[in-house]
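> okay, predicted coordinates and the sequence, questions at the end:
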Amino acid sequence: MNGVAAPHRVRPCRPRDTRAIFRLLDATFYPINDRLGTSNWMDRVNVFQLVYSDTLWVLERDGDVIGMVCVQTAAETLQIFLLAVLPQWQRHGCGRALIDFAETEARHRKLRELSLQVPVQLTDAQAFYQRLGFTEAKREPYAGLTLIVMTRAVAASRV
C-alpha cells in the first residue's frame, strides 16, 4: 500500500468490527462537532447499517481497526464517505492509503472519478484532499451545513 508500511491492510468491514467502528467515529468525528456547530453530527450515521452494507472498508494494523472508508458507486463515480483515521495514526499515510484503496477500487469498477464531500468548516480536511489532487466541484447544503463536493479523476492503471 502506498505511503503506509506493512502490516497495514484494507479489508471489508465485518460485523465483529462494529465496536471498533463506534470507537473510531467517537475519536474522529465527535471532536469536530464544535467546529461544525452541531452536537449530533455522527448521530445521523447508522453504523449497523454501514457494517452490513458491503460498502464499508477498514484499515487494519496488527488486527486493530485504525481507519475506515465507505465507498459507493454512482454513475461513473466512486463516492467516498466517512473517511476516518484514529487521531494517533493521522499524518502517518493512513488517509492516503484509504484514498489509494478507493482509487484502486474505482479502477476495478471501471469508474472515471472519485468524489467526496467535506464541510466548509473543515479546512484541514480540504487541504488534505487538495494535496491528493481533489478539486472543488460545487457546494451543497446538507442538514444545516454547507458541504464542498470535491472530485478527482481516476488515474490510469499503474504498470
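Happy to help now that I have it.

> partners of the longest strand seen in the chain in the sheet?
Using DSSP state E, we find that the single longest strand of the chain is strand 64-74. Under the criterion DSSP bridges, strand 64-74 sits next to strand 56-61 (antiparallel), strand 77-85 (antiparallel) in its sheet.

> give me the contact list for the shortest one.
Read that as strand 56-61. 4, 7-13, 17, 20-21, 50, 65-71, 82, 85, 89, 94, 97-98, 101 (C-beta atoms under 8 Å, 6 or more residues apart in numbering). Heads up, the C-betas are built off the backbone N, CA and C, glycines and all.

> check the last one too.
Counting by C-beta under 8 Å, 6+ apart, strand 77-85 makes contact with 24-25, 28-29, 45, 50, 55-56, 59, 66-73, 94-95, 98-99, 102, 105-106, 109, 111-117, 151, 154, all of which sit outside it.

> can you rerun that using 7 Å?
With contacts defined as C-beta atoms under 7 Å, 6 or more residues apart in numbering, strand 77-85 is touched by 24-25, 28-29, 45, 66-72, 94-95, 98, 102, 105-106, 109, 111, 113-116.

> helices or strands next to the helix or strand just after that strand in the packing?
Later in the chain than strand 77-85, the nearest helix or strand by DSSP states H and E is helix 94-108. Where contact means 3 or more C-beta pairs under 7 Å, 6 or more residues apart in numbering; DSSP states H and E, helix 94-108 is packed against strand 8-12, strand 56-61, strand 64-74, strand 77-85, strand 113-119.

> what stretches of the protein score poorly on pLDDT?
The chain contains residues with pLDDT under 70 at 1-6, 38-44, 157-159.

> which residues does residue 81 bridge with?
Beta-bridge partners, per DSSP bridges, of residue 81: residue 70.

> could you report the neighbour count for it?
For residue 81, the neighbour count with other C-beta atoms under 10 Å is 16.

> ok, residue 26 next?
For residue 26, the count of nearby residues is 11 (other C-beta under 10 Å).

> for it, what is the enclosing helix or strand?
Using DSSP H and E, residue 26 sits in helix 18-28.

> how close does residue 27 get to residue 83?
Remark: distance between residue 27 and residue 83 (C-beta to C-beta, to the nearest Å) = 14 Å.

> looking at those two now, which is surrounded by more residues?
With other C-beta under 10 Å as the criterion, residue 27 and residue 83 differ in neighbour count, and residue 83 comes out ahead with 22 against 14.
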